[in-house]
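> 3D, please:
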Amino acid sequence: MMPDGQEAATFQLRRAERVAFDLMVKYRLWGFRGTIMLKDMTPFGARIEGLPDLRMGDEVTLLLPGLQPKHSTVAWADGSSAGVEFDHPLHGEVFKDLVRDYARSRPTFDTVPAPLRAAA
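Okay, here's the model as predicted:
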């Protein structure tokens, strides 16, 4: 199904397929720390929920599982949802590991099954 109208423009501008998550992550913003919900992610950014006062341009640091703090900038905000762009994209293998371990859905790059490992 192809999106229409404004969604089509957004779809064409997106650099990577969004992957759905329901992952609680810690954040740091304006000197405060807390926990928010990460709803979807690409190697370039994420959609987060739970911070109602974000504005475009705000700098948010996300603490993704197993990674160093990930600095990002708010690209859009609507109510308590916001899209953030990572200052530095996630490496492809790092992103695939997060998808494998925490994603709610599996993107097209995950169609080839991983090889089976023999037990030691």
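> Now do the strands in the chain.
In the chain, strands defined by DSSP state E lie at 19-29, 32-42, 45-49, 59-63, 70-78, 81-86, listed in chain order.
> Rounded mean pLDDT for the second one, please.
Per-region confidence: strand 32-42 scores 96 on mean pLDDT.
> Check what contacts that strand and list those residues.
Contact with strand 32-42 is made by 14-27, 46-51, 62, 64, 81, 95, 98, as judged by C-beta atoms under 8 Å, 6 or more residues apart in numbering. Every C-beta, even on glycine, is put in place using the N, C-alpha and C of the backbone.
> Any of those residues buried? List them.
Among these, those classed as buried by 16 or more other C-beta atoms under 10 Å are 16, 19, 21, 23, 25, 27, 46-48, 50-51, 62, 64, 81, 95, 98.
> mind checking how far the residue lying closest to Ala103 once chain neighbours are set aside is from Val60?
Using C-beta to C-beta, 6 or more residues apart in numbering and skipping the chain neighbours, the partner closest in space to Ala103 is Val19 (5.0 Å). Distance from Val19 to Val60, counting by C-beta to C-beta, to the nearest Å: 19 Å.
> Also Ala75?
Ala75 is 11 Å from Val60, by C-beta to C-beta.
> How many residues are close by the nearest residue to Asp101 once chain neighbours are set aside?
Counting by C-beta to C-beta, 6+ apart, Asp101 lies nearest to Pro65, which is 7.3 Å off, once chain neighbours are set aside. As a burial measure, Pro65 scores 12 neighbours (other C-beta atoms under 10 Å).
> quick one: the lengthiest helix in the chain to strand 32-42, angle?
Criterion DSSP state H: the longest helix present in the chain is helix 92-102. Relative orientation of helix 92-102 versus strand 32-42 (axes from the mean of the first three to the mean of the last three C-alpha atoms, to 10 degrees): 100 degrees.
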